[in-house]
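Student: Below: sequence and its predicted model.
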Amino acid sequence: MKERVYFKSKDGIKLCGIWDMPKKTNGKAVILAHGITVDKNEDGVFTNLSKLLKDHGYAVLRFDFRSHGESQGKPIEVTIKGEILDLDAAVNNARKMGYSDIGMVGASFGGGVATLYVAKHPNKIKCLCLWNPCLNYDHCFLNPTLPWLVDRKDKMRVDLKQQGWTTLGRRKFVLGKKLFAEMAKLHPELEIKKIRMPIEIIHGDKDTYVPYADSKALLADMPNGRLVTIKNGEHGFHEPREQTNMANIKTLHFFQKYL
């Protein structure tokens, strides 16, 4: 059963989400935090993950961050601190639904947001799963070295200086200079080292958007962390189907063990 819900972030932004409810519940919930420029479906991969988790008894909330999908806001207004407020609103919605055992999946940019959120609110969720997470903003956005932005970084800097915004990806998603100023000050790659709950990072070793090496390097400083490598995996695990299935199954097993 699917249930569309609306709830507000602490600063009044109206957010839209979908609860996927199992026929037979295990009393536990998982919240899915999508990446930048996409929405609660994460180009279909969150839809598939949600179905798998639901079929195994988990209630799943996938929602649109502000300025994405069906939630309020304009892309130029996106901030990391705002998305942290959105994530807290989603967690509070799950609690109001009666769930106290809550797990979280953060994908790509949503992975960094989820990490910052959990480091700030360590008692609100039980375990954290990160999919190809953007944890080092310098490596991903400010001084990118991977193909998707390396050829655009100079143009982006000029855009931000001259007009106060730039665009990202094939959707030409508009991002403002306030977001880039935040990325220079916030460090999920450091905050994750403070987290003591179980963490699993699932990352493709051929990711051309977020450096796989960043995830691999974190293991030494993550006492409860584990890295699952998707061999020849690109960003997002959209295809081939075998990689999508592996990411989904590994995520399910993680929650079955720790949630």
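Tutor: On my side now, so go ahead.
Student: what sits against residue 138?
Tutor: For residue 138, the contact set (C-beta atoms under 8 Å, 6 or more residues apart in numbering) comprises 183, 184. Backbone N, C-alpha and C define where each C-beta goes, glycine included.
Student: and it, backbone torsions?
Tutor: In terms of degrees, to the nearest 10, the main-chain angles of residue 138 are phi -60, psi -50.
Student: and what of residue 19?
Tutor: For residue 19, the backbone dihedrals (degrees, to the nearest 10) come out as phi -90, psi 130.
Student: Run a quick neighbour tally on it.
Tutor: Around residue 19 there are 20 other residues, counting by other C-beta atoms under 10 Å.
Student: can I assume it is in contact with residue 7?
Tutor: No - using C-beta atoms under 8 Å, residue 19 is not in contact with residue 7, being 11.0 Å away.
Student: can you pull the pLDDT of residue 185?
Tutor: For residue 185, the pLDDT comes out at 98.
Student: just the one 4 residues further on next, same as before
Tutor: As summarised for this prediction, residue 189 has a pLDDT of 96.
Student: now it: how far from residue 237?
Tutor: 21 Å (C-beta to C-beta, to the nearest Å).
Student: neighbour count winner among the two?
Tutor: Shown here are residue 189 and residue 237; by other C-beta under 10 Å, residue 237 has more neighbours (27 against 21).
Student: Backbone dihedrals for that one, please?
Tutor: When read as degrees, to the nearest 10, the backbone of residue 237 gives phi 60, psi 40.
Student: for residue 61, same thing?
Tutor: According to degrees, to the nearest 10, the main-chain angles of residue 61 amount to phi -110, psi 110.
Student: in what helix or strand does the residue nearest to it when sequence neighbours are not counted lie?
Tutor: Of all residues not flanking residue 61 in the chain, residue 31 sits nearest, at 5.0 Å (C-beta to C-beta, 6 or more residues apart in numbering). Under the criterion of DSSP states H and E, residue 31 resides in strand 28-33.
Student: packing partners for that strand?
Tutor: Other helices and strands packing on strand 28-33, by 3 or more C-beta pairs under 8 Å, 6 or more residues apart in numbering; DSSP states H and E, are helix 45-55, strand 59-63, helix 80-96, strand 101-107, helix 109-120.
Student: got the ones you listed as CSV, with distance to residue 155, mean pLDDT and mean neighbour count columns?
Tutor: Listed next are the helices and strands packed on strand 28-33 as CSV, based on distance: least, C-beta to C-beta, whole Å; pLDDT from 0 to 100; neighbours: other C-beta atoms under 10 Å:
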stretch, distance to residue 155, mean pLDDT, mean neighbour count
helix 45-55, 29, 97, 20
strand 59-63, 32, 98, 26
helix 80-96, 22, 98, 20
strand 101-107, 26, 98, 26
helix 109-120, 20, 98, 25
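Student: Put together JSON lines for those, with distance to residue 221 on each row.
Tutor: Formatted as JSON lines, the helices and strands packed on strand 28-33 follow (distance: least, C-beta to C-beta, whole Å):
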{"stretch": "helix 45-55", "distance to residue 221": "27"}
{"stretch": "strand 59-63", "distance to residue 221": "30"}
{"stretch": "helix 80-96", "distance to residue 221": "22"}
{"stretch": "strand 101-107", "distance to residue 221": "18"}
{"stretch": "helix 109-120", "distance to residue 221": "13"}
